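In: Pasted the sequence and its predicted model underneath.
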Amino acid sequence: MKKYAEMTKEELKAERVKVEAVYKAWQDQKLTLNMARGKPGAEQLDQVKGLLDVLNSDSDLICDGIDVRNYGTMEGLPSCRRLFAEILGVKPENVFIGGSASLQLMYDTIAKCYTHGRLGSEKPWAKLDVVKWLCPSPGYDRHFNISETFGMTMIPVPMTSFGPDMDVVEELVKDPDVRGMWCVPKYSNPDGIIYSEETIRRIASLRPAAKDFLLMWDNAYCVHEFFGDYVPFPDILSECARYGNEDMVFEFASTSKITFPGAGISVFVCSENNMNFTKKLLESQVISYDKVNQLRHVLFLKDKENLLKIMKQHAAVLGPKFRCVLDALDREIAPLGIASWQRPNGGYFISVNTMPGIAKATWKLCRECGLTMTDAGATFPYGKDPKDSNLRVAPSLPPIGQLEKAMQIFCTSMKLAALNKLIGE
Ligand SMILES: Cc1ncc(COP(=O)(O)O)c(C=O)c1O
């Protein structure tokens, strides 16, 4: 098969007739398929339903001398803080256990900057004329949504295969209006990139002009390998502390893709100063989070070794799904030269970069054929992908049989969008 870019107009037109027929055949099947969000599939949820059996009315509900049924211990059960400290390689006193969503902790951390300022000593951000924010892109749409709700001026930073382009970041933080940055350091959403040691060192040693600069380190995929073994990862709090920057960072994680999304537990990790300041503000918001669920997670997950065994079970389900996506792209798209994609070993996504100018058209053709994908553009601030090229594939939810069909539709739609573009219509 020739690459599309090497075909004559006549060849492209002939190819389009063939691809249109395939597309029409899929459309006639009137399927409803979804590769939009990184949700675990039912098989994965079944693997961890034992979480519901570890506690009942006969169980010992006193943990660390604390009655989990009652108010109190806002920062979380000591056992639960120890468990997450072990997972993230930090000290238990730096760990705070929140509710069921790390996204809510992230939103709240930023909201506190707007209402109370960072560590109380700097001006509340709500009183600033402008708050600029660095957004490595492509990135996580919900991060960008948070920034947008607060009216931040988002600045895209290109992603490299080592993480955000640090030459760009180091230049941008010289601007005193740049007050923070989103990072998904391990298996980034959507690229699945692991930040290199060099990138982490350069981030941890940043010297931003804004003294209240906030590094939002969303380690959502800290133990989420689907190919190969667990990859150890540096602890950002110690890295920052090495350069006197321990107050610059908040790290986040959750069990959303370990146990049940929406019914798990979330954590943040921060310096002693940040912990004291944040706890004081949180005391006006909450008396305690759900310690019953914390105990359930402690009993079910046990320790990091056991947790990694559970992640291997998830990998046994997820690995073949990611393989299915990669195989379809390699077989259908690679010979045509109309897109490139990442090959992550963990996380929940595959990031596909089409030839410029066809991501939106591909997305629309998918939708008209019954396949829902994450909106084209969603992986960029304000939903604006300058090259109209990035599409995020989330293969975790559909069973393999559906995924194979979804990938056929995805590849056919992309071919058709490319042909229309090249033919010039
Ligand atoms: C990078 C990243 N952070 C956070 C979340 C959501 O986490 P939680 O369920 O803990 O709010 C997701 C979900 O897809 C994600 O991809």
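Out: Perfect, thanks for sending it.
In: Which positions in the stretch 301-425 of the chain make contact with the ligand?
Out: Taking CB under 6 Å from any ligand atom, no part of the stretch 301-425 of the chain reaches the ligand. From N, CA and C alone the C-beta is placed, and that goes for glycine too.
In: Low-confidence ranges, the stretch 301-425 of the chain, go.
Out: In the predicted model, the stretch 301-425 of the chain carries pLDDT under 70 at residues 425.
In: Nearest spatial neighbour of the closest residue to the ligand within it, chain-adjacent residues omitted?
Out: Per CB to the nearest ligand atom, residue 348 is where the stretch 301-425 of the chain lies closest to the ligand, at 6.3 Å. Nearest residue to residue 348, sequence neighbours excluded (CB to CB, 6 or more residues apart in numbering): residue 38, at 3.4 Å.
In: What of residue 208?
Out: Computed as CB to CB, 6+ apart, the closest residue to residue 208 that is not its neighbour in sequence is residue 173, at 3.9 Å.
In: Looks like that neighbour contacts residue 213 (just checking).
Out: Yes: the pair residue 173 and residue 213 qualifies as a contact (CB atoms under 8 Å) at a distance of 6.8 Å.
In: Common neighbours of these two, please.
Out: By the contact definition CB atoms under 8 Å, 6 or more residues apart in numbering, residue 173 and residue 213 are jointly contacted by residue 206.
In: what helix or strand is the residue of the stretch 301-425 of the chain closest to the ligand on?
Out: Following DSSP states H and E, there is no helix or strand that holds residue 348.
In: quick one: it and residue 394 touch, right?
Out: Yes: assessed by CB under 8 Å, residue 348 is found in contact with residue 394 at 6.2 Å.
In: Give me the more crowded residue out of these two.
Out: Just comparing residue 348 and residue 394: by other CB atoms under 10 Å the higher neighbour count belongs to residue 348, 26 against 21.
In: For the more buried one, give me its contacts.
Out: 38, 187, 189, 221, 224, 257, 394, 396.
In: on that earlier part again, run a quick neighbour tally on the residue nearest to residue 348.
Out: 23.
In: ok, which stretches of the stretch 251-400 of the chain are helices?
Out: All helices of the stretch 251-400 of the chain, identified by DSSP state H, counting those that start in this stretch, fall at 272-282, 291-301, 304-328, 359-367, 400-423.
In: Any residues of the protein in contact with the ligand? List them.
Out: Applying CB under 6 Å from any ligand atom, we find that the chain lies next to the ligand at 38, 101-103, 140, 184, 189, 218, 220, 254, 256, 261, 266.
In: Tell me who's in contact with residue 27.
Out: Applying CB under 8 Å, 6+ apart, the residues near residue 27 are 368, 369, 370.
In: Please identify which helix or strand holds it.
Out: helix 9-28.
In: What residues of that helix count as buried?
Out: 12, 15, 16, 19, 23, 26 (16 or more other CB atoms under 10 Å).
In: I'd guessed the second one sits against residue 6; true?
Out: This means residue 15. No: look at residue 15 against residue 6 with CB under 8 Å: they stay out of range, at 11.7 Å.
In: ok, residue 61 to residue 98 distance?
Out: Distance of residue 61 to residue 98, given as CB to CB, to the nearest Å: 21 Å.
In: how close does the spatially most distant residue from the centre of the chain get to the ligand?
Out: Centroid-distance maximum for the chain: residue 10 at 43.0 Å, with CA atoms, centre = their mean. To the ligand, residue 10 is 45 Å away according to CB to the nearest ligand atom, to the nearest Å.
In: Let me see the contact set for residue 266.
Out: Neighbour list for residue 266: 97-102, 104-105, 252-256 [criterion: CB under 8 Å, 6+ apart].
In: could I get these as CSV with neighbour count and pLDDT?
Out: CSV is the format used below for the contacts of residue 266 (neighbours: other CB atoms under 10 Å; pLDDT from 0 to 100):
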residue, neighbour count, pLDDT
97, 26, 98
98, 22, 98
99, 16, 97
100, 19, 97
101, 17, 98
102, 23, 98
104, 13, 98
105, 23, 98
252, 23, 98
253, 25, 98
254, 26, 98
255, 25, 98
256, 21, 98
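In: quick one: which of these sit in strands?
Out: 97, 252, 253, 254 (DSSP state E).
In: what does the domain assignment say about this protein?
Out: Structural domains assigned to the chain are 4-45+308-423, 61-302, following automatic domain parsing.
In: can I get those in a markdown table with distance to residue 52?
Out: Listed next are the domains of the chain as a markdown table, based on distance: least, CB to CB, whole Å:
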| stretch | distance to residue 52 |
| --- | --- |
| domain 4-45+308-423 | 11 |
| domain 61-302 | 8 |
